[in-house]
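1. Model the structure of this input:
(chains A and B)
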Amino acid sequence: MGMTMTQKILAAHAGLDKVEAGQLIEANLDLVLGNDITSPVAIHEMDKMTVDTVFDKDKVALVMDHFIPNKDIKSAEHCKCVREFACRHDITNYFDVGEMGIEHALLPEKGLTVAGDVIIGADSHTCTYGALGAFSTGVGSTDMAAGMATGKAWFKVPSAIKFNIVGKPSKWVSGKDVILHIIGMIGVDGALYKSMEFVGEGIKNLTMDDRFTIANMAIEAGGKNGIFPVDEVAVAYMKEHSKRPFTVYEADEDAVYDEEYTIDLSTLKPTVSFPHLPSNTKTMDQIAEDVVIDQAVIGSCTNGRIDDLRCAAEILKGRKVKKGVRCIIIPATQSIYLQAMEEGLLKIFIEAGAVVSTPTCGPCLGGYMGILAAGERCISTTNRNFVGRMGHVNSEVYLASPAVAAASAVTGKISVPEELGL
Amino acid sequence: MKANGRVFKYGDNVDTDVIIPARYLNSSDPAELATHCMEDIDKEFVEKVKKGDIIVADKNFGCGSSREHAPLAIKAAGVSCVIAETFARIFYRNAINIGLPIIECPEASKGIEDGDEVEVDFDSGIITNKTKGTTFKGQAFPEFMQKIIKAEGLVNYINSQYK
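-> Okay, here's the model as predicted:
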């Protein structure tokens, strides 16, 4: 019986020739990640350990991105705690205001995540790096502390679900629609404890940013990780961003999968997750009544990359955000911010009546920068629409692509770009 | 070791945002987090919960964020055990790592109602619904996880390994 792509990476990092689903292993880590919410708890746990140094100061990444620039005194204290830790341990990859970006956009951009890596992060969306052919998964703060101290983590080797991607998406269908479609199909626990392995000739029709979006939301189906094969597009991205060597793993021909699905990109339609679960999806043509919105958020670790901003700009160019709608656009990193400026995207956004923010996770988790009042509705390119996720317990979040979010900001109701003659 | 308490029963997909909303994540103090535990799904939880009480839920308990603040808040609120049909994987790891006892048991999840008095024997995995007079057998932990549980969390376990 052969191994899946994920199983091969885990076996190599555990020093084993072979692993199988269900086996408990200890794997060597290439990177341990934390942010300003999860790192303080990890640092507190590490203080209790007999090991008092990090295993490798180059293989720990601390990214201040959730409540930063600090929203209040307590958040400032958290960042101070992490800043002091980073200084004390001479952490190479510590990113604070001015350098920081949303972690899952920042780390690949900085070349810190490459194919064949095993990465843990104290943030559930750490699964994003699977887009480059790495095994990466979210853990909690204690696992992060243990990872920082020992350079190792324990894993139960996952079984896998195979998604065979075929066809080419139509103009306004993007990676977000692909993953929302999949979550709608298998449910928020459809891939619980499992790998989601994406294969097939259709992958060449997905940009790197599309793949990051898809891998990013594997956790929203309960998945342990989401992973893509390493093709020319992924290699070109890594060569542009990283000096690190990478290793390409491929699933064995006779690898075993729990389930297999075929996703024909050409048949997908713009998709929206209605409150209060990411799996509560409807395609735009299934939405019979107007869903009037108060706010549109375009950004996050899911959809704050340059492709996302270009798409939003294409729609907002020469148009105005509907009176009464707040449109908040958040480039995910400083580099994306700068690129958006140089390409003239920020001008388009501001002239349309949107606001553009410094990188932050803020609104996605109801932290700050776009909190909703009771009864308000937001169309958002973020990743979760749980009860109270973006603010008041009686507010509502609708998850969608940048194209749908931008078009909705203009019309004031959930819309596709075609409604604007695009 | 045994847990004994009154049950707070919830449904499928209890997510980390309702267990501890992000607006309170500017604190990492378990006692402070506990004062907002379950606030967005059950406003009365914090007032009603007594030391030793048990949470029972259906599928995918703890889905969403990796925030360890979620099991920390539940533990600090006094909850002695969480029983669910299934747990989201990061919550599962976190609970074991911080020493919050959890048990997967679909039968118990179906056979226990809000307000029932329940006893859990962690050594045998036997869950007894004292209100209804029924018993269930929870899924045993793999040996490796039992070692972490016996050490009362991952930090102590690692300390014992790296002396």
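2. Could you use CA atoms for every contact and neighbour count after this?
-> Will do.
3. In chain B, where is pLDDT below threshold?
-> For chain B, applying pLDDT under 70 flags the ranges B:163.
4. ok, which residues in it are in contact with chain A?
-> Applying the criterion Cα under 8 Å from any Cα of the partner chain, the portion of chain B that neighbours chain A consists of B:13, B:15, B:17-18, B:21-23, B:25-28, B:40, B:60, B:63-68, B:88-91, B:93-94, B:97-98, B:144, B:154-156, B:158-159, B:162-163.
5. Now, of those, which are buried?
-> B:13, B:15, B:17-18, B:21-23, B:25-28, B:40, B:60, B:63-68, B:88-91, B:93-94, B:97-98, B:154-156, B:158 (16 or more other Cα atoms under 10 Å in any protein chain shown).
6. Tell me which of these fall in helices.
-> B:17-18, B:89-91, B:93-94, B:97-98, B:154-156, B:158 (DSSP state H).
7. What is the neighbour count of A:Asp17?
-> Counted with other Cα atoms under 10 Å in any protein chain shown, the neighbours of A:Asp17 add up to 10.
8. which SS class is it?
-> A:Asp17 carries the three-state label coil when classified by DSSP: H, G, I helix; E, B strand; the rest coil.
9. wait, it sits on A:Leu10?
-> No - in terms of Cα atoms under 8 Å, A:Asp17 does not count as a neighbour of A:Leu10; the distance is 10.0 Å.
10. neighbouring contacts of stretch B:118-128?
-> With contact meaning Cα atoms under 8 Å, 6 or more residues apart in numbering or on different chains, stretch B:118-128 is reached by B:1-7, B:54, B:108, B:129-131, B:134-140.
11. repeat that with 10 Å
-> Contacts of stretch B:118-128 with the rest of the structure, by Cα atoms under 10 Å, 6 or more residues apart in numbering or on different chains, involve B:1-7, B:52-54, B:56, B:80-81, B:83, B:101-105, B:107-108, B:112, B:117, B:129-141.
12. what's the answer for stretch B:34-41, then?
-> Under the contact criterion Cα under 10 Å, 6+ apart, stretch B:34-41 has outside partners A:387-389, A:392-394, B:10, B:14-21, B:24, B:31, B:43-47, B:69-78.
13. mind checking the end-to-end distance for that stretch?
-> Taking Cα to Cα, to the nearest Å, the span from the opening residue of stretch B:34-41 to its closing residue is 14 Å.
14. before we move on, what about stretch A:19-39?
-> End-to-end distance of stretch A:19-39 (Cα to Cα): 31 Å.
15. repeat for stretch A:130-140
-> With Cα to Cα as the measure, the ends of stretch A:130-140 fall 19 Å from one another.
16. go on, stretch A:282-300?
-> With Cα to Cα as the measure, the first residue of stretch A:282-300 is 22 Å from its last.
17. Over to stretch A:266-273?
-> OK, stretch A:266-273 end separation, Cα to Cα: 20 Å.
18. Can you give the distance from it to the centre of its chain?
-> With Cα atoms, centre = their mean, to the nearest Å as the basis, the distance from the averaged C-alpha position of stretch A:266-273 to the chain average is 19 Å.
19. And it, what's buried?
-> Residues A:Leu268, A:Lys269, A:Pro270, A:Thr271, A:Val272, A:Ser273 are the ones in stretch A:266-273 that count as buried (16+ other Cα under 10 Å).
20. How about stretch A:65-80?
-> Along stretch A:65-80, the positions that meet the burial threshold by neighbour count (16+ other Cα under 10 Å) are A:Asp65, A:His66, A:Phe67, A:Ile68, A:Pro69, A:Asn70, A:Lys74, A:Ser75, A:Ala76, A:Glu77, A:His78, A:Cys79.
21. residue contacts, A:Gly421?
-> If you count contacts by Cα under 10 Å, 6+ apart, A:Gly421 has them with A:Ile315.
22. how close does it sit to A:Met390?
-> Taking Cα to Cα as the criterion, A:Gly421 is separated from A:Met390 by 31 Å.
23. Helices of chain A, start to end?
-> Counting by DSSP H, one finds helices in chain A at the ranges A:5-14, A:39-47, A:73-88, A:103-109, A:141-150, A:175-186, A:208-216, A:232-241, A:300-303, A:306-316, A:334-342, A:345-352, A:402-411.
24. Next one: B:Pro106 from A:Met3, what distance?
-> 30 Å.
25. Neighbour count for these two, which is higher?
-> Neighbours were tallied for B:Pro106 and for A:Met3 using other Cα under 10 Å; the higher tally belongs to A:Met3 (23 against 19).
26. from what I can see that one touches A:Glu20, true?
-> Yes - A:Met3 lies in contact with A:Glu20 (Cα atoms under 10 Å); the separation is 7.2 Å.
27. Give the residues shared as contacts by these two.
-> By the contact definition Cα under 10 Å, 6+ apart, A:Met3 and A:Glu20 are jointly contacted by A:Ala11, A:Ser159, A:Val256.
28. what sits against B:Arg6?
-> Listed by Cα under 10 Å, 6+ apart, the contact partners of B:Arg6 are B:49-56, B:79, B:113-119, B:129-131.
29. Which of those fall in strands?
-> When DSSP state E defines the strands, the subset of the contacts of B:Arg6 inside them is B:Ile54, B:Ile55, B:Val56, B:Glu117, B:Val118, B:Glu119, B:Asn129.
30. for chain B, which strand is longest?
-> In chain B, ranked by residue count with DSSP E as the criterion, the top strand is strand B:2-9.
31. what about residue 116, how many neighbours?
-> No chain specified, so I'll use chain A. Per other Cα under 10 Å, the neighbour tally for A:Gly116 reads 27.
32. Please refer instead to chain B.
-> Around B:Asp116 sit 18 other residues, with neighbours defined as other Cα under 10 Å.
33. Same check on A:Arg326?
-> Other residues within reach of A:Arg326, judged by other Cα under 10 Å, total 20.
34. Please name the residues that touch it.
-> Residues touching A:Arg326, when contacts are defined by Cα under 10 Å, 6+ apart, comprise A:Ile293, A:Asp294, A:Gln295, A:Ala296, A:Val297, A:Gly353, A:Ala354, A:Val355, A:Gly370, A:Cys378, A:Ala409, A:Gly412.
35. what are the phi and psi angles of residue 72?
-> You didn't say which chain, so I picked chain A. Torsion angles at A:Asp72 (phi, psi; degrees, to the nearest 10) stand at phi -160, psi 180.
36. I was thinking of chain B, sorry if that wasn't clear
-> When quoted as degrees, to the nearest 10, the phi and psi of B:Leu72 stand at phi -60, psi -40.
37. Distance check, it against chain A.
-> From B:Leu72 over to chain A the distance is 10 Å, taken as Cα to the nearest Cα, to the nearest Å.
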